[in-house]
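A.B. asks: would you be able to build a 3D model of this:
(one chain, ligands or ions: 1)
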Amino acid sequence: MTLALNRNTAAAEQLSSLLTQIMENYSVSDSEGPLADEIEAFLKTQPHLTVRRHGDTVVASTDFSKPSRVILAGHIDTVPVIDNFPPRWLEPGDPLIREDIAAAHPGERVLWGRGATDMKASDAVMLYLAAVLDGSTVQSDPKVDLTYIFYDHEEVAAEKNGLRKVVEAHPDWIQGDFAIIGEPTNCGIEGGCNGTIRFDVITHGVAAHSARAWMGENAIHKAADILNRLNAYEPATVNVDGLDYREGLNATLISGGKGTNVIPDECRVHVNYRFAPDKTLAQAKALMMGADAGAELGNGEHVATGGVFEGYGIEMKDESTSARPGLSAPLAQDLVRLVKERTGRDPLAKLGWTDVARFSQLGIPAVNLGAGEPLLAHKHDEQVPESELAALADLLLAWLV
Ligand SMILES: N[C@@H](CCC[C@H](NC(=O)CCC(=O)O)C(=O)O)C(=O)O
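C.D. replies: Reported below is the predicted structural model:
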């Protein structure tokens, strides 16, 4: 596939075509290379852009000598496929169109498949803007300089995040006065983001023949208490600067056992805690495992000295800080006003983790604004109505030009 844009067709058609092309390009985290190649080649055909690449992250910038610079950023990886690749356009009435989507978008085509909302619909719009905002006419001359970032490995461990790597290797590429991340928001604004930590809670047992179980200790049975603590936990909703951040504590993976007739000697429950931006990473960890690291058991495992999992072995796997809404920056306020005028919508809180947290740490105010329903992110029936693309493109064009 060669990513292409037919500028002789209507804008809506160009957007749908770009989205189809990038969704047909499989890009589950760790497999973004071919899509990054396509995006790099496509952007390099635009003479008004300086295009750079680091790993599988592509950064393209205008140099129109405008007084300020806005960053439009989107990750190009997706979570793993669950029978939802390759993508399919669904005509109105198709039973795969969700009832809520059909009710909100009657008579409309829908693109179904992995990455539709998280976040290839916004990537398609950003690629379109990168091509059309070339400064050649009044309508295509943005008020600001633009930097487009298409990056890899957002959906996985923070150490792999492509934006993190490019910030570290080439901080001069990622300069700006404001950033928009195209994570799904239904074309509204979602401010800040919940933080996230992931860790294994570990039980230990003694292996034995399952016909002589009294000779061992069953580590999987011991995990029942971990699941009970998770079930008993009541996640809070925390209001931060006017937005409601809903927290969450969930097991997302479980593993244990070495054979069908062997008493398991270890069980690991992988837990994900989503915490509101009123908490630091350290506070979030303290709530789960106590403020001080307990005894080191080897292989990175510590005993929790307090918190929900007190007494259990804990191995940290990933951590990413939260971000406050940060809607007071003048450019953010402008955008909030425009979204309100056009859609009647006030900002909401971003419940997933996004790279607004990274931009905030860099001192660049940032918001989430993207196409597609955030509630459908990571679901097997992820889908986006066609009009969302034009809605996002029109909104951004109205703000940028
Ligand atoms: N290092 C983290 C990365 C998790 C990133 C992911 N982000 C989204 O799904 C944003 C979508 C949205 O809420 O709009 C997440 O929150 O899981 C990790 O590996 O967990």
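
A.B. asks: quick one, phi/psi of the residue in the stretch 301-401 of the chain that the ligand sits nearest to?
C.D. replies: Nearest residue of the stretch 301-401 of the chain to the ligand, counting by C-beta to the nearest ligand atom: Gly352, 2.0 Å away. Every residue, glycine included, has its C-beta placed from N, CA and C. Main-chain torsions, Gly352, degrees, to the nearest 10: phi -80, psi 170.

A.B. asks: can you count the residues close to it?
C.D. replies: Neighbour count for Gly352, taken as other C-beta atoms under 10 Å: 17.

A.B. asks: just the pLDDT at it, thanks.
C.D. replies: Here, the pLDDT recorded for Gly352 equals 96.

A.B. asks: could we number from 18 for the rest of this?
C.D. replies: From this message on, residue numbering opens at 18, which makes the last subject Gly369.

A.B. asks: contact partners for it?
C.D. replies: 200, 210-211, 291, 391, 394 (C-beta atoms under 8 Å, 6 or more residues apart in numbering).

A.B. asks: farthest-apart pair in these, please.
C.D. replies: Within those, Glu200 and Arg291 form the most distant pair, 14.6 Å apart (C-beta to C-beta).

A.B. asks: and these two? Which one has more around it.
C.D. replies: Neighbours were counted for Glu200 and for Arg291 using other C-beta under 10 Å; Glu200 has more, 29 against 21.

A.B. asks: pretty sure the more buried one sits against Gly209.
C.D. replies: No - Glu200 is beyond contact range of Gly209, at 11.8 Å (criterion: C-beta atoms under 8 Å).

A.B. asks: which neighbours do those two have in common?
C.D. replies: With C-beta under 8 Å, 6+ apart, Glu200 and Gly209 have common neighbours Lys367.

A.B. asks: so which of the contacts of Gly369 are also by the ligand?
C.D. replies: 200, 391, 394 (C-beta under 6 Å from any ligand atom).

A.B. asks: I'd assumed Lys177 was in contact with Ser337.
C.D. replies: No - at 11.8 Å, Ser337 does not count as touching Lys177 under the criterion of C-beta under 8 Å.

A.B. asks: what helix or strand does Ala301 sit in?
C.D. replies: Element membership for Ala301 (DSSP states H and E) is helix 298-306.

A.B. asks: list the contacts of the next helix or strand after that helix.
C.D. replies: Downstream of helix 298-306, the first helix or strand assigned by DSSP H and E is strand 310-315. Contacts to strand 310-315, defined as C-beta under 8 Å, 6+ apart, come from residues 319-322, 330.

A.B. asks: assign Pro97 to helix, strand or coil.
C.D. replies: Under DSSP: H, G, I helix; E, B strand; the rest coil, Pro97 falls in the coil class.

A.B. asks: touching, it and Asp47? I think so.
C.D. replies: No - using C-beta under 8 Å, Pro97 is not in contact with Asp47; the gap is 10.1 Å.

A.B. asks: touching the ligand at all, the one helix or strand Ile197 maps to?
C.D. replies: Ile197 is part of strand 195-198, with elements assigned from DSSP H and E. No - shown here: strand 195-198 not in contact with the ligand (C-beta under 6 Å from any ligand atom), separated by at least 8.9 Å.

A.B. asks: helix or strand next in line after that strand, which one?
C.D. replies: Using DSSP H and E, the helix or strand that directly follows strand 195-198 along the chain is strand 207-208.

A.B. asks: before we move on, the earlier item: looking at Ser337 and Lys177, which one has more neighbours?
C.D. replies: Remark: of Ser337 and Lys177, Ser337 carries more neighbours, 21 against 17, as counted by other C-beta under 10 Å.
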